[in-house]
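A.B. asks: Fold the stuff below for me.
(3 chains)
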Amino acid sequence: MEYYCQGSHLQGPPTTPPREGQAAFSSHLGLDIELHQSARFRAPGVMAGYQANLRLTLPLTCVILEVILIILFAVLVDYDYETDARQWHNQLLQHNDSNYNNDFYYRYPSFQDVHVMIFIGFGFLMTFLQRYGFSSVAFNFLVAAFALQWATLMQGFFHGMHGGKIHIGVESMINADFCTGSVLISFGALLGKTSPVQLLLMAVFEVAVFATNEYILLSILQAKDAGGSMTIHTFGAYFGLVVARVLYRPQLEKSKDKNCSVYHSDLFAMIGTIYLWMFWPSFNSAITAHGDDQHRTVMNTYYSLAACTLATFTMSSLVGHGGKLDMVHVQNAALAGGVAVGTAGEMMLTPFGSMVVGFLAGTISTLGYKFLSPLMEKKLKIQDTCGVHNLHGMPGILGAIVGAITASLATHEVYGQGMEDVFPEIYSGNFSASEQGVRQAISLAVTLGMALIGGVIVGFILKLPIYSSPPDTICFEDSIYWEVPGETESQEEFGTVMSEEVQKPLNS
Amino acid sequence: MEYYCQGSHLQGPPTTPPREGQAAFSSHLGLDIELHQSARFRAPGVMAGYQANLRLTLPLTCVILEVILIILFAVLVDYDYETDARQWHNQLLQHNDSNYNNDFYYRYPSFQDVHVMIFIGFGFLMTFLQRYGFSSVAFNFLVAAFALQWATLMQGFFHGMHGGKIHIGVESMINADFCTGSVLISFGALLGKTSPVQLLLMAVFEVAVFATNEYILLSILQAKDAGGSMTIHTFGAYFGLVVARVLYRPQLEKSKDKNCSVYHSDLFAMIGTIYLWMFWPSFNSAITAHGDDQHRTVMNTYYSLAACTLATFTMSSLVGHGGKLDMVHVQNAALAGGVAVGTAGEMMLTPFGSMVVGFLAGTISTLGYKFLSPLMEKKLKIQDTCGVHNLHGMPGILGAIVGAITASLATHEVYGQGMEDVFPEIYSGNFSASEQGVRQAISLAVTLGMALIGGVIVGFILKLPIYSSPPDTICFEDSIYWEVPGETESQEEFGTVMSEEVQKPLNS
Amino acid sequence: MEYYCQGSHLQGPPTTPPREGQAAFSSHLGLDIELHQSARFRAPGVMAGYQANLRLTLPLTCVILEVILIILFAVLVDYDYETDARQWHNQLLQHNDSNYNNDFYYRYPSFQDVHVMIFIGFGFLMTFLQRYGFSSVAFNFLVAAFALQWATLMQGFFHGMHGGKIHIGVESMINADFCTGSVLISFGALLGKTSPVQLLLMAVFEVAVFATNEYILLSILQAKDAGGSMTIHTFGAYFGLVVARVLYRPQLEKSKDKNCSVYHSDLFAMIGTIYLWMFWPSFNSAITAHGDDQHRTVMNTYYSLAACTLATFTMSSLVGHGGKLDMVHVQNAALAGGVAVGTAGEMMLTPFGSMVVGFLAGTISTLGYKFLSPLMEKKLKIQDTCGVHNLHGMPGILGAIVGAITASLATHEVYGQGMEDVFPEIYSGNFSASEQGVRQAISLAVTLGMALIGGVIVGFILKLPIYSSPPDTICFEDSIYWEVPGETESQEEFGTVMSEEVQKPLNS
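C.D. replies: Numbering: from 1, shown residues only, chains lettered A, B, ... in the order given. The predicted structure follows:
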């Protein structure tokens, strides 16, 4: 999070130009600076050992996980009736149905929007760090590619086993992406401080706990949470925060100069932000019932986000140094409105209600970035790199509360026959509206409990010194994982070479 | 617009390397350069006063506008029958209808494409300026988030009041995004020279005038303009140009070194360009009638844009210095083909006709960037930062003319029963085809008049010295609005820290 | 491909800082460095002649091609019955049909995903080069805009002539984009070494050969290849590789310092990668039969890509210097899973089968980048800039083989009535499953033959010294085609100007 280095903002890009000049000057004088440069890129002692370790652990982890996945898929997974050639065509014949009624056409556009949020949205949102862009976008890619396969199995185990087989189609793909999103939220809290091996292991456990919690909420408690204020955002945020607490690094200051953005990295991050913002209506509505439910969820989310954006700019300017806006707030807090209507979005929240919720979410999120995050690091020893507590944690809880209240106010007069889709248990007379509200509230408590317990256990597992975790001094740094090219173009060659070639013929 | 600093292109990045070297050299000699650097970021006198002002005006403007919006939404806005649980389910029962027939499924994918154009397309297209990327993408975000809420009300007031309530759904969301697009076009003319407070105020007025003009054209004159050649592009461009004329800055030269691009900012801008180009078929077809109309509009726009792209490269190379292409042309003129079929796209323009229109549009747009824009600044005192006159103004007028001609040539033989969707008044015998054409032409004149009068009034309102407008010397500069991080990575630390740590254990 | 300059990676950004410092130092001492700088940007002799040539050939080529296209469209192309107003409405009346059944609604979302892959995916994937970003994304744009028009005609000539007219709609638009994709794959092999005129000419011929090959495979041999493992990927890759062989530049080393990435260019390239990865399910399913076929193809591709990503990280770390990952692999090899299920994706491959194929594809692709590409350049004299052999060539062949095997295993028990959509010839009893498999295998051989012969001929055509091909010393360099702005922001001005202005009033 940028607030770590706001001080340095005021002084401008601190040491780079002098250093570069120094090197240049030395070079001009004919001094050998190669040792200095190579130290920077190779750092013989630590780095070599570190990478040897990573060369062993990362491929091993990836290949073992993928082989297990392939075996489990071979044994357990099958097409559902809408993706299976024989079954779908039987269905067509028996019900005189049309190919246009395959659910694919009514879920896939939403799925693709969610997919963009997971891979572009989360991936680029985390590229704000100056020297961690490769890792941000590529580890996001790796972890998500693993988690969506694993989530297919875990969620299928809880929700979709029929005759010993998990049946999959576009809806299970959306749910797998949702579960993946939760893991990526936790990743946001740990960004820059964990190796890809640790992230993959975290995904292994977190997906399992996620699926269990989701099962308890949706199937046992019969709570509603289509956009995942509780199951995805609250769970992912607090799980990640607890892991970050267990992995607390008292010496992280040693990497603080790299724990901030540069001009262009902030623009890359805005790509992530804007995609998340635009497609959040699709996220919240992707698995709600067809018809008015999806339509309404989209609209509620759209207005909540718009109001949230104005709240974010209001608060960011109000609390900024000299009235200046902060990109951290715009990149993150402007999204809180989507989180906060994740539960109530499908309900009859009204556009006006959505706007109030969005405005509140943007306000608490911005204030969280400004005041709460530094405090959490200092007092609670939680180093939350992306501030997921402000973007997903608090707005998730707000969303759960709004959901509980809206549910408890549901009446047959307002919902009519539509009650069946939104609150089937109220419709069928099993619950009263207030009982539904109570179950929503219990769900929040369960989610927090599962996240805390799960996070503690997984945190201690990840603390074992066998995962090539980066040392405190080289956190937020791509070059320990990646072949990193230079920063600027070697243009100078051009002029020189050109003059040599002036006389040569033109076409090869 | 880049043409301001084409001269400096020929000389390469002018003063940066020497300056950096100078600083470096001084630093090597132990001189204190901190004063120099801090001056650059804080500029005590002007900046402090400026920001104090902004801290007051920006939050106040945002919060007042959002509170008014929320109150008006509470009083006036309601779900339409496709988003309302009770009403939609009544409809299902009464007409034995299917959830799959909710209009959501036939408009939402188009809506999302339009949404991407508004937030990514317009937002990133304007990031070409070297030091105004944060403001470009984030003020675009802020203004759009406000305008879409306000447009819902203003357009609803003119088009959708039933029983004292404005009923909203996916179609009103598309229309709100369209109106927002018009405001963002005007923003393009003013880019870098106005504070966010001025932009928000402009949006307040422009949305109102837009909705009035749209009502006159579509409801009173019965003109057709599905893709908004007139209502969106011509209106937005000339409104913005007139405001820019009123806000003319004779001393803007003082900021000219910042009014150009750098290598990577041009690539960010290309993200905006390509998204606008790809999704323009969705834009033009988003609210046309279902069936052949949407299908045809998409196809006409697709071929118009393709032909326009070839025209742009042709002209750009032909008029460039030494035959070199100019990114400004590719970023902008290649899109003119979408603007120019905004009116006629839904008509039976034929693919070949679309290509001719696209080729013309790309040609006049590129020539406009090269020859007309410098002239307009010099003679008419219109400083059009993004060249919206070339991208939206002239191609919009071309589109209106093409629409008028195509409409006047409509025959029952060509349109068959499809005439009802495209020209309901010709179909029902109220107008002849030529009368429709005349009404299209009148619509263009009305649009120009509304834009000019509206622009003049709003321009003078924005000229009042109370909105924290930036001084001439710090236009096109993020750092007066934003906490701006450094430009390059502070890598040097890495080598140093590493050597200290060589002996330490690896895992935390 | 980055492997050209891996050596320099180890040494860090090699000569830039010294040079910059040198210039800076000289400047500080008052020496005139203007000559040096201008040489770099203007290079009087070669550049001037080169550009004069380009000013002539590029506009001429573009305008001639577009005029021919417009004339051919005027004579030959017409709306199909779903885009034509009269015909569609006749259809509605005669069959009591609904506008919601226009195929537009069931193909257009897929089309837009494919469109994003062509323009953003391919365009940005190639921006990895440090000084070729403008050309990568903009020549991709130009060539694609031309090729999609020309492909409409060539494919229409083979597949859709009725009564002397080519009838077009959303499906022909998807096919045109597919054919364009094949041309862009070939472009990837040539990236940085050919002028836009050469690329346009290559597109002229390649589209024609592509359409012929596609006709032979799909219409004569009755092979299945919905996602184009053979028609698009294998064909495009080997065509491009052969052209690259013919255009071999023994002196290309002279440009090797520009044939690598910089930090931010690798992030731009990741935008392309992620979009290709996300939307590949739409690509493979865009023109399969409606219903279960599209649904299943999407799912198979989704899981193949996920497994491929884990294979890529496994292999990249295993073979990397010191266990480090390489962005080249992540950017490219992670996509091979989509290519490899291009043929079999619509078949009953099972999710588990898809994952095995994806894992294999990622493995061979990464190993290809590491070991095969350097060898191909050294031994076969094929300079494959983007490594299309690893991303499209080998995975395409793998996909063809997997398709042949899967087809030969098709049984009525597994496919049921769905056999009609997937293998109509097996369904109708014309072929046995094994015969279908044989025809798939023959199709691969035909494709390779067409690509090789076509590539050789086109390669020699492109070798003629009349197309302004860049000299060996200025390959991979934007500045010969583009007005290129500076690299870094001229911030220094700001501080200076500010201090002059401290006393002035704030608002203009």
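A.B. asks: Okay, now the unreliable bits of the stretch 351-500 of chain A?
C.D. replies: Scanning the stretch 351-500 of chain A for pLDDT under 70 picks out the ranges A:487-500.
A.B. asks: Recalculate using a threshold of 80.
C.D. replies: A:468, A:486-500 (pLDDT under 80).
A.B. asks: ok, now the stretch 151-300 of chain A?
C.D. replies: Looking at the stretch 151-300 of chain A by pLDDT under 80, you get A:160.
A.B. asks: near chain C, which residues of it?
C.D. replies: A:Ile168, A:Gly169, A:Val170, A:Met173, A:Pro196, A:Tyr263, A:His264, A:Phe268, A:Ile271 (CB under 8 Å from any CB of the partner chain). C-betas here are computed from N, CA, C, even on glycine.
A.B. asks: can you list these in CSV and add secondary structure, distance to A:Arg86 and neighbour count?
C.D. replies: As requested, these are arranged in CSV below (DSSP: H, G, I helix; E, B strand; the rest coil; distance: CB to CB, whole Å; neighbours: other CB atoms under 10 Å in any protein chain shown):
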residue, secondary structure, distance to A:Arg86, neighbour count
A:Ile168, strand, 16, 26
A:Gly169, coil, 15, 23
A:Val170, helix, 19, 27
A:Met173, helix, 21, 24
A:Pro196, helix, 41, 23
A:Tyr263, helix, 57, 26
A:His264, helix, 53, 24
A:Phe268, helix, 47, 26
A:Ile271, helix, 43, 23
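A.B. asks: which residues sit in contact with the nearest residue to A:Tyr302 once chain neighbours are set aside?
C.D. replies: For A:Tyr302, ignoring the flanking residues on the chain, the nearest one in space by CB to CB, 6 or more residues apart in numbering or on different chains is A:Pro281 at 5.1 Å. Residues in contact with A:Pro281, defined by CB atoms under 8 Å, 6 or more residues apart in numbering or on different chains, are A:Thr297, A:Val298, A:Met299, A:Thr301, A:Tyr302, A:Leu305, A:Gly338.
A.B. asks: 6 Å - rerun?
C.D. replies: A:Val298, A:Thr301, A:Tyr302 (CB atoms under 6 Å, 6 or more residues apart in numbering or on different chains).
A.B. asks: Now which of the residues you listed would you call buried?
C.D. replies: For those, a neighbour count by 16 or more other CB atoms under 10 Å in any protein chain shown gives the buried set as A:Val298, A:Thr301, A:Tyr302.
A.B. asks: any idea how far the second one lies from A:Met355?
C.D. replies: Going from A:Thr301 to A:Met355 by CB to CB, to the nearest Å gives 11 Å.
A.B. asks: The one helix or strand A:Leu452 maps to - contacts with which helices or strands?
C.D. replies: Using DSSP states H and E, A:Leu452 sits in helix A:433-463. Here helix A:433-463 touches helix A:196-215, helix A:235-246, helix A:394-408, going by 3 or more CB pairs under 6 Å, 6 or more residues apart in numbering or on different chains; DSSP states H and E.
A.B. asks: the inter-axis angle of the first one versus helix A:433-463?
C.D. replies: In this case it means helix A:196-215. Here helix A:196-215 runs at an angle of 160 degrees relative to helix A:433-463 (axes from the mean of the first three to the mean of the last three CA atoms, to 10 degrees).
A.B. asks: Three-state assignment for the residue of the stretch 351-500 of chain A found nearest chain C, please.
C.D. replies: Closest approach between the stretch 351-500 of chain A and chain C, counting by CB to the nearest CB: A:Gly486, at 2.4 Å. Three-state assignment for A:Gly486 (DSSP: H, G, I helix; E, B strand; the rest coil): coil.
A.B. asks: And it, how close does it get to chain B?
C.D. replies: 10 Å (CB to the nearest CB, to the nearest Å).
A.B. asks: That residue - how many residues pack around it?
C.D. replies: As a burial measure, A:Gly486 scores 23 neighbours (other CB atoms under 10 Å in any protein chain shown).
A.B. asks: Could you check how far it is from B:Ser265?
C.D. replies: 19 Å.
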